[in-house]
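**Student:** sequence first, predicted coordinates after that:
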Amino acid sequence: MKLSPTFRSRVLNREWIVGTWLNLGSPVTAELAGLAGFDWVLLDHEHGPGGEDTMLHQLQAVSATPTVPIVRIAANELPRFKRALDMGAHGIMAPFVSSAAEAQATVQAMRYPPRGLRGVAKSHRASSFGADFETYYQTAHECLLNIVQIETAAAVENIEGIAAIDGVDVLFVGPTDLSYALGIRDQLGHPTFLAATQRVVAAARQHGKAAGILVHDPALVEKCRGWGFTFVALGSDGGAVRGGLQQNLAVLRAK
């Protein structure tokens with residue numbers, strides 16, 4: 001699937017855009033998720049067993065489906081952006097972005113000169129191995145989705161500055177890390193957590209960005225929608241496999 005500005009425009013328009021996490025490093029579950037009908041899938045290369053070899057295979061699997069592939073890189077470091085984007089990611093999620101300067105670094109890493117610092121190679125998979133490089137070079141900044149994760153107390157304190165950075169598209173709450181950082185581990189209904197998330201949503205609206213979040217409990221989806229989140233992921237391939245296996249085992253063990 002070639003890059004298009006449509007998906008990024010829908011996200012920035014704060015349409016209801018839904019996805020899921022892929023943390024097994026498997027091209028098979030990536031293809032299954034793509035065929036299931038999610039708007040986007042997140043290939044998680046911060047946590048889990050995936051590496052650059054599995055990332056390529058996952059991106060190839062998702063490209064055979066209508067779903068948009070996003071890669072979460074392991075750290076906000078320039079070479080990591082370059083590798084994932086050259087392989088064909090349609091967007092990047094950068095973890096632990098806690099300041100405006102760190103947010104600006106993600107924009108620089110996402111964009112070719114003169115708009116940024118992304119290294120230029122013409123014969124990579126993202127540009128059809130060079131066949132479409134000129135179009136990719138001229139339009140990638142309009143199409144690639146830049147997602148920064150809000151996972152620390154400092155990020156919440158600096159959220160207005162982060163949201164104001166041109167080229168940051170989604171402010172994405174990492175609920176587990178943020179709740180731990182706030183000293184209220186896994187208490188997503190705690191007033192402190194809710195206040196933090198509302199600051200994120202408000203900053204996103206003020207600066208024309210989308211607010212995103214990952215949830216594991218289906219009961220939280222509508223709550224998140226009511227709070228103002230529009231770029232929402234539910235569950236993961238690992239969780240789905242584990243849950244399905246446990247359910248089957250429970251049936252087999254029942255007496």
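**Tutor:** Arrived safely, thanks for sending. Residues are numbered from 1 along each chain as shown.

**Student:** tell me where the stretch 51-200 of the chain has strands.
**Tutor:** When assigned using DSSP state E, counting those that start in this stretch, the strands of the stretch 51-200 of the chain occupy the ranges 68-72, 91-94, 145-150, 170-173.

**Student:** okay, those in a markdown table with distance to Pro27 next?
**Tutor:** Quick note: C-beta positions are derived from backbone N, CA and C, even for glycine. What follows is the strands of the stretch 51-200 of the chain, written out as a markdown table (distance: least, Cβ to Cβ, whole Å):
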| stretch | distance to Pro27 |
| --- | --- |
| strand 68-72 | 11 |
| strand 91-94 | 19 |
| strand 145-150 | 21 |
| strand 170-173 | 24 |
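
**Student:** Throw the ones you listed into JSON lines and include mean neighbour count and mean pLDDT, thanks.
**Tutor:** Output for the strands of the stretch 51-200 of the chain, formatted as JSON lines (neighbours: other Cβ atoms under 10 Å; pLDDT from 0 to 100):
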{"stretch": "strand 68-72", "mean neighbour count": "27", "mean pLDDT": "98"}
{"stretch": "strand 91-94", "mean neighbour count": "25", "mean pLDDT": "98"}
{"stretch": "strand 145-150", "mean neighbour count": "26", "mean pLDDT": "98"}
{"stretch": "strand 170-173", "mean neighbour count": "27", "mean pLDDT": "98"}
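
**Student:** then stretch 134-149 to CSV, C-alphas only?
**Tutor:** Listed in CSV are the C-alpha atoms of stretch 134-149, where the atom choice follows Å, rounded to 0.1, in the frame of the first residue of the first chain:
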residue,chain,number,x,y,z
GLU,A,134,10.9,11.5,-6.3
THR,A,135,7.2,11.3,-5.4
TYR,A,136,8.0,9.9,-2.0
TYR,A,137,10.7,12.6,-1.3
GLN,A,138,8.3,15.4,-2.2
THR,A,139,5.2,14.1,-0.3
ALA,A,140,6.3,11.9,2.6
HIS,A,141,6.1,14.7,5.1
GLU,A,142,2.4,15.1,4.2
CYS,A,143,1.7,11.4,4.6
LEU,A,144,3.8,9.9,7.4
LEU,A,145,2.1,10.0,10.8
ASN,A,146,4.3,11.2,13.7
ILE,A,147,3.1,9.9,17.1
VAL,A,148,4.8,10.9,20.4
GLN,A,149,4.1,9.0,23.5
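
**Student:** show me what contacts the closest residue to Ala140 other than its chain neighbours?
**Tutor:** Nearest residue to Ala140, sequence neighbours excluded (Cβ to Cβ, 6 or more residues apart in numbering): Leu3, at 6.4 Å. Applying Cβ atoms under 8 Å, 6 or more residues apart in numbering to Leu3 gives the contacts His90, Ala126, Tyr136, Thr139, Ala140, Cys143, Leu144.

**Student:** I'm done for today, thanks for sticking with me.
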